[in-house]
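Visitor: The following comprises the amino acid sequence and a computationally predicted model.
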Amino acid sequence: MNIRLAKQSDLQSLNQILVQAAERIARMGSSQWRELLLSDVETIILPRILKQHVYVGELDNKVVIMAFVMPEEEWDKSLWYQFKSSNEALYLHKLAIKQGYEGQGIAQSFLNGLESELVISAKISVLRLDCMKEKTSLNALYQRAGFNYVGTYQGEITNNTEFNLYEKSMKTSC
């Protein structure tokens, strides 16, 4: 799998991947990611591409998976405030896979490759993420990919939904 920063030419593919993922989530009865079905997704993606906050995974030169990898935003501050902060942490959001590619180990391969890419390009020491506690298969994926459970947040910002918090120390070469 080739992992790289997203380009503007990826916009249509990324839009499709995110909308498909949001539709799958909605079919499961969740309102998470609903904003992606109610707005122009490209206006969410393009600024992040321009800031180099979107990574993609390609198979056979086709984008099949993506994620936002960004500095701390208000959402992250609200969830992580009670845990020791690291200025070198980045936050993973909106991990999404193209429809038809689920269940093939692609997400775990992407997360493993993303770690290598981030160590080389971003020089960070910690990658953090949050995941709804009820999404057991997604929580298991993050644990298999080497993310360590840090704690659970439940509060006003999440409408009292429990979110598990994970982080992974990035391996650096000597």
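Guide: Perfect, thanks for sending it. Numbering: from 1, shown residues only.

Visitor: Now do the helices in the protein.
Guide: 11-27, 35-38, 41-50, 74-80, 106-121, 136-144 (DSSP state H).

Visitor: Residue 161: which of those helices is closest?
Guide: Shortest distance between residue 161 and the helices of the chain, using CB to CB, is found for helix 74-80: 11.2 Å. Yep, even glycine has a C-beta here, placed from its N, CA and C like the rest.

Visitor: thought residue 52 was touching residue 7?
Guide: No - judged on CB atoms under 8 Å, residue 52 makes no contact with residue 7 at a distance of 10.1 Å.

Visitor: Contact partners for the nearest residue to residue 36 once chain neighbours are set aside?
Guide: If the residues on either side of it in the chain are set aside, residue 36 comes closest to residue 22, at 4.0 Å by CB to CB, 6 or more residues apart in numbering. Residues counted as contacts of residue 22 (CB atoms under 8 Å, 6 or more residues apart in numbering) are 33, 34, 36, 37.

Visitor: Distance of residue 150 relative to residue 163?
Guide: Distance, residue 150 to residue 163, using CB to CB, to the nearest Å: 11 Å.

Visitor: which residues are in contact with the helix or strand of the chain with the lowest mean pLDDT?
Guide: When the helices and strands of the chain are compared on mean pLDDT, DSSP states H and E, helix 35-38 comes out lowest with a mean of 72. Applying CB under 8 Å, 6+ apart, the contact partners of helix 35-38 are 18, 19, 21, 22, 23, 26, 44.

Visitor: Can you tell me which of these lies closest to residue 146?
Guide: Out of these, the member with the shortest distance to residue 146 (by CB to CB) is residue 21, at 22.7 Å.

Visitor: For the spatially most central residue of the chain, give me its contacts.
Guide: Nearest to the geometric centre of the chain sits residue 93, at 3.0 Å (CA atoms, centre = their mean). Neighbour list for residue 93: 67, 68, 69, 70, 129 [criterion: CB under 8 Å, 6+ apart].

Visitor: now these in CSV, with neighbour count, pLDDT and distance to residue 11?
Guide: Formatted as CSV, the contacts of residue 93 follow (neighbours: other CB atoms under 10 Å; pLDDT from 0 to 100; distance: CB to CB, whole Å):
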residue, neighbour count, pLDDT, distance to residue 11
67, 23, 97, 16
68, 22, 95, 14
69, 23, 95, 17
70, 17, 93, 17
129, 23, 95, 24
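
Visitor: Keep only those of those residues that are in strands.
Guide: 67, 68, 69, 70, 129 (DSSP state E).
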